[in-house]
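S.K.: kindly generate the corresponding structure for this input.
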Amino acid sequence: MKNSLPRHSVVLIEPHEGLRCFLRTLVNQTPDLYVAGEAANANEAMEMAAAVPDFIVIASPWLPHFGVFHLASVIEPGRLILYVDALPSQTILRWAFNQGASVVSGIDPVDEVSNALKSACSGSTYYSSRIRNTPGFVDRGNGQFRSPVLAALAGFSAKQMSILVLYAQGQRVREIADSMDMSYKAIDSQLYRIRKALCVNDRVELAHFCLREGLIRIPGLQEKSPDVCAICGDRSAVGAHCA
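M.R.: Model prediction:
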């Protein structure tokens, strides 16, 4: 009698319903994996994290409301896969390296996403061939940023990154405090340190910085392509030959 291998649970966290369907199909086609839950935002994901043990997460870095940054604090290294629209910024890459997160993009072949899933089963990281050839990846070995501002950003904690993203997106300090279960004074103190470290004076400068570094995006400006067939994985002909 064959001993059945333990299956790994996967949580999909992706606001775009079409891409969730595509990723769900890939998971179901990967041996020893199953979809334990799906979330459209980081708040739902945090609740799932408490209920699903030993899970693998596939997530967009730009999750509402505070990005994937704070969520990463409850995920084991090697178990987080960032699925990005296109090639990520150096800041996103560096953050992924520091957190032990894999990175694949929407312009990669479907096999790259499958390889990332297989690597996550063993708790190891995976980066697509396109990402491995980017300057941000090639330069990662020295652990240094040319810019002292980016160097400071690389040292931010998961909570600081979350506060940074929420504030840059326009939330008020009290709203941030409520969403992160922190006091108003604690958030205000963290924002002072963040602005000082990044050499910005106000919310507008902070938002421009976050847009430039790929930490936030303007809704509707960089929408993910819905042209992904959930059956065959073909991004160019949804429903053309798989209906």
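S.K.: kindly list the longest helix within the chain.
M.R.: helix 184-198 (DSSP state H).
S.K.: can you pull the buried residues of it?
M.R.: 187, 190-191, 194-195, 197-198 (16 or more other CB atoms under 10 Å). C-beta here means a position set from N, CA and C on the backbone, and glycine is covered the same way.
S.K.: again with stretch 100-120
M.R.: Buried-residue list, stretch 100-120, by 16+ other CB under 10 Å: 100-106, 108, 110, 112-117, 119-120.
S.K.: so which of those belong to strands?
M.R.: If you go by DSSP state E, these have 102-105 in strands.
S.K.: returning to that earlier point: need the next SSE after the longest helix of the chain, C-terminal direction.
M.R.: Sequence-wise, the next helix or strand downstream of helix 184-198 (DSSP states H and E) is helix 203-212.
S.K.: ok, residues contacting that next one?
M.R.: 149, 164-165, 167-170, 194-195, 198, 200, 216-218 (CB atoms under 8 Å, 6 or more residues apart in numbering).
S.K.: that older thread, got the buried residues of helix 184-198 as a markdown table, with pLDDT and distance to residue 51 columns?
M.R.: Shown next, in a markdown table, are the buried residues of helix 184-198 (pLDDT from 0 to 100; distance: CB to CB, whole Å):
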| residue | pLDDT | distance to residue 51 |
| --- | --- | --- |
| 187 | 96 | 27 |
| 190 | 96 | 29 |
| 191 | 96 | 32 |
| 194 | 96 | 32 |
| 195 | 95 | 36 |
| 197 | 93 | 35 |
| 198 | 93 | 36 |
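S.K.: tell me the one of those nearest residue 47?
M.R.: Ranked by distance to residue 47 (CB to CB), the buried residues of helix 184-198 are led by residue 187 at 21.9 Å.
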